[in-house]
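Novice: here is a sequence with its predicted model. Questions after.
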Amino acid sequence: MTEKIFEMQHIDKLYGTLLANNDVSIHLNQGEILCLVGENGAGKSTIMKILYGLEQPTDGEIYVKGEKVRFHTPSDAMAKGIGMVQQHFMLFENMTVAENIVFKNEIRKGLFMDRKRTVETVKELSEKYGLKIDPEAKIEDCPVGLRQRVEILKILYQSAEIIIFDEPSAVLTPLEVDSLLETIKSLAASGKSIVLITHKLQEVMAVADRIYVMRAGKVVAERLRGETNTDELAFLMVGHHPALRDVAAPQPGEVLLETKKLSLHREHRDILKDVDLHVNAGEVVGIAGVSGNGQTELELCLTGLERPTEGQVFLLGKEVTNASVKTHRDSGMAYISEDRYLWGSAAEGALSENVLMAKENRAEFNRYGFLKHDAIKEYTEKLIKRFDVKANDTDQKIRELSGGNAQKLITAREIMMDTPVLICCEPTRGIDIGAMEFIHDQILEKREKGCGVLLVSSELSEIMTLSDRIYVLFEGKIAGEFKRGAVDEKTLGILMLGGRRDETEKIRQ
Amino acid sequence: MTKLKKFGSKFLDALGQPLVAVLLSLSVGAIIIGLSGKNILSSYAIMFKGAFGDGYYLSATLQRSTAIIMGGLAVCIAWRSGYESMGGEGQMIFGALVSALIAYYMPGPGIAKILVGLAGAAIIGALYSVLSGWLWEKFSVTFIISTLMLNYIANYIASYLTTYKVKDPQSRDINSIQTGKLIEEARFGKVNGLFQSDGLKETALGQYFKDFNVHWGFFFALLSAVLVYILLKKTKFGYQSKMNGLNSRFALYGGINARGMLYLVMILSGIAAGLGGAFEVYGSKYRYIDQMIFSTGYAWSGMVGALLANFDPFGTVLACILLAGLSTGGSAMQRSAGIPVETVNMLEGIIMLLMSVKLLHLIVIRRKVSKEDRLKNEAEIENGKEAEA
């Protein structure tokens, strides 16, 4: 019987009214590689953040080496030998690798830092674990893969016993991923215990000893690697089959939105690569994909908020590749952003001010540069009523609305722009079912009117329900295109996770 | 009931913090006055009288408030749009210098001197303000740094010029570093005595305003406040700039041209500050005197006033008059009660401190709120956001 190095029992985590973790009980054995898999929002990062002291559990107990603990900060967790490699690295750009690794635990000589011994120590450490680095290189000169290595060494330097990796491969190139997986294996071989959070199933099958599958905040399955396969894991992750809506057959018209070889490079990485897609009139086109595969950048490039490195964007036959957001909007595009507070609204602004956005030039609301406040108020009231937004009055701040109601208002604003093209990103993220169905209705109504809708969503069921055509986006590339009904959820799921088409063929048989 | 409560809380939100700041600073002042063995109440009574006691004192306060109001309006325009410019001082210095030079050297009738001088002050203020906008846009130099440094640069350039290049040719005194004095016709006129018609002369109102004597600059400042109010609250520009201030990403998303917004805001704010300097020259000093803007801290008082009023133009006027009153009243307190005028500077300092606490609080709350929203979202999307960031 192996020793349980940590155990979490009956953990609940409540964010407002949202249960992010629901009675989660997991444990990790000494020297084991444990994988936590699940869709976005399944609660896998949350449970690890609780273990690492970044979040406090609403309920439940944590034991480390049999001792009951409660971590208030990451340093509490670190003191018990738990380290976490976060997705975004916490490194000082203009300092050296060695300096970053010993930060907060510097090797001193009197009052000063002993640089020579620091470099030696870091070198020893890197050799011991086979993590090659140049201790004296500046972080700003290191590619992402090396930076991650520095993060790992930082944790090892603090003599962590348990190392948590949060989606470590999300930022890496395929080659770097291979080397990371090797590192993880060798760390486990040297006696460290590892937790790997991921939704990439090839990685899981490559390194895991044991796997927990999480869905909607719960652990739905526990498997040893030997007794499962990617197929089963994908099914467990996605789980249910959504109730399909009855959607009338599309009557596609001419092409409204089109991209040609759209590419975006950033920091030596291809965020988007040769994306060719089009949206016809009277059609909802879904972009399926695990978030972080270029969806955000795609929407920014399509709306003029980001300039693509290469390729072209056509809106109603007119090229708008490097045009301003205003040109995009004036040419006939409305846009529901994936993040309602970051882009989609001014949280401290009044409802009427939020509704007015992008309409302030219309003669309806503007005469010679002066705003018609009465007309704006009236219009806001109309929207609130028509879209059933629960609000007190038009001067209320949008921050005071619930997430669902704020989303409804933003959806209302963009749908009422009455444009031929609507870009609609994560329109129902984090909102209740009632509001979700309402927004779905609105999207379909838009389609009935002969508009083209591009729907970006990490919610596969949403894509399946609404889309007439589906593109799968994986690592910035189109990994497949399907008509409604020509593909099942499982195949999409595998493509979204980087599986190949022939694999999906195999499963079919 | 809840509606009443809501109104009450909104009212408190708007007025509560400035009121608390002023009262708290006055109580700290009271402690200091008390410690120095003076009578607190009578000292404050002298202070109030010396600020607003009669038409004469009121005039002194209002004249002093003129440049402060203009500085405050400049801050309203810039800060409300999300650009935390502190460059009003430098713009005001150049505005004052340029207006003094134009009116002194330009030939022609007095009114032409004044008009061209005002235009010159507005233009130089706008240009100097645009400079820090440009530094920000081009090199990401934060406004706080660039504007503060540019203030010093403006002051020293003005010092150099008045010392060596445009020194008053009439003056034999080496120690007086100033430009030539403007002729009578190139100065603002004054409003003398209010409510002095036969019917009103003997009333309390008439008595109070008997010695009222305020230059036009103050009324121009009031007019400016009305214009700024209309600009900010009624126009498309006001709407767009406010949205830019609340969430610049949202403004971009809506198609607002961020670059155009930045420069327009900087120009307008610079015009206000530059004119403030010109008003001070044409209304009070009739020349540029070295350090006249720098040492009086008009621009800073204006900033405190704008902060107190939460960037509402009319509120800013009131707050700036109050702050000017603190100064004029403070001098009276020094004269009559022997309390050093520095005490009053300290009061202003404390108000400023408290208001910056408010700002900080605001920022913290904004972060907190957005964090809560974010967390809700985050629970949904978990890693997505971080991967994008």
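Specialist: Cool, the structure landed. Please read these numbers as outputs of a predicted model, since none were measured by experiment.

Novice: quick one: mean pLDDT over stretch B:283-298.
Specialist: Regarding stretch B:283-298, the rounded mean pLDDT is 93.

Novice: residues contacting that stretch, please?
Specialist: For stretch B:283-298, contacts defined as CB atoms under 8 Å, 6 or more residues apart in numbering or on different chains pick out B:63, B:66-68, B:71, B:89, B:92-93, B:96-97, B:100-101, B:104, B:151, B:155, B:158-159, B:162-163, B:168, B:177-182, B:187-188, B:215-218, B:276-277, B:280-281, B:299. C-beta coordinates here come from the backbone N, C-alpha and C atoms, glycine included.

Novice: now do the same contact list for B:Ile123.
Specialist: B:Gly274.

Novice: next to chain B, which bits of the stretch 251-400 of chain A? Give me the list.
Specialist: A:291-292, A:296, A:303, A:305, A:324-326, A:328-330, A:335, A:337, A:339, A:341-349, A:353, A:356-358, A:360-361, A:366, A:369-371, A:373, A:399 (CB under 8 Å from any CB of the partner chain).

Novice: now B:Ile31: which helix or strand?
Specialist: In this assignment (DSSP states H and E), B:Ile31 forms part of helix B:17-35.

Novice: contacts (any at all) between chain A and that helix?
Specialist: No. Helix B:17-35 lies out of reach of chain A by CB under 8 Å from any CB, never closer than 16.0 Å.

Novice: run the chain-centre distance for that helix.
Specialist: 22 Å (CA atoms, centre = their mean, to the nearest Å).

Novice: for the following helix or strand past it, name the packing helices and strands.
Specialist: For helix B:17-35, the succeeding helix or strand toward the C-terminus, using DSSP H and E, is helix B:40-52. Judged by 3 or more CB pairs under 8 Å, 6 or more residues apart in numbering or on different chains; DSSP states H and E, helix B:40-52 is in contact with helix B:17-35, helix B:55-80, helix B:313-337.

Novice: could I get the average pLDDT for helix B:40-52?
Specialist: Mean predicted confidence for helix B:40-52 is 91.

Novice: with stretch B:320-337 instead?
Specialist: Across stretch B:320-337, the per-residue pLDDT values average to 89.

Novice: B:Val228 contacts B:Ala78, correct?
Specialist: No. Between B:Val228 and B:Ala78 there is no contact under CB atoms under 8 Å: 11.3 Å.

Novice: those two - which one has more neighbours?
Specialist: B:Ala78 (32 against 27; other CB atoms under 10 Å in any protein chain shown).

Novice: report the contact partners of the more buried one.
Specialist: B:Glu84, B:Ser85, B:Val265, B:Met266, B:Ser269.

Novice: same question, B:Phe237
Specialist: B:Phe237 is in contact with A:Gly369, B:Leu231, B:Leu264, counting by CB under 8 Å, 6+ apart.

Novice: extract the C-alpha set from stretch A:330-349 and format it as CSV.
Specialist: In CSV, the C-alpha atoms belonging to stretch A:330-349 read as follows (Å, rounded to 0.1, in the frame of the first residue of the first chain):
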residue,chain,number,x,y,z
ASP,A,330,-19.9,50.7,-39.9
SER,A,331,-19.5,48.1,-42.7
GLY,A,332,-22.0,45.9,-40.9
MET,A,333,-20.6,43.9,-38.1
ALA,A,334,-21.7,43.6,-34.5
TYR,A,335,-19.7,41.8,-31.9
ILE,A,336,-20.5,40.2,-28.6
SER,A,337,-17.1,39.8,-26.9
GLU,A,338,-16.2,36.7,-25.0
ASP,A,339,-15.5,38.7,-21.9
ARG,A,340,-18.4,40.9,-20.9
TYR,A,341,-16.5,42.9,-18.3
LEU,A,342,-13.1,43.1,-19.9
TRP,A,343,-14.2,44.2,-23.4
GLY,A,344,-18.0,44.1,-23.5
SER,A,345,-19.0,46.8,-21.1
ALA,A,346,-17.9,49.5,-18.7
ALA,A,347,-18.9,48.0,-15.4
GLU,A,348,-19.0,51.4,-13.7
GLY,A,349,-21.0,52.9,-16.5
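
Novice: quick one: buried residues of it?
Specialist: A:331-349 (16 or more other CB atoms under 10 Å in any protein chain shown).

Novice: try stretch B:90-108
Specialist: Result for stretch B:90-108 [16+ other CB under 10 Å]: buried residues B:90-104.

Novice: before we move on, what about stretch A:46-65?
Specialist: A:46-55, A:57, A:60, A:62, A:64.

Novice: can you check stretch B:30-45 too?
Specialist: B:Ile32, B:Ile33, B:Lys38, B:Ser43, B:Tyr44, B:Ala45.

Novice: on that earlier part again, and the contacts of B:Ala78 as TSV, adding neighbour count and pLDDT?
Specialist: Shown next, in TSV, are the contacts of B:Ala78 (neighbours: other CB atoms under 10 Å in any protein chain shown; pLDDT from 0 to 100):
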residue	neighbour count	pLDDT
B:Glu84	15	89
B:Ser85	28	91
B:Val265	26	97
B:Met266	30	97
B:Ser269	31	97
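
Novice: most centrally placed residue in chain A?
Specialist: A:Ser291 (3.9 Å; CA atoms, centre = their mean).
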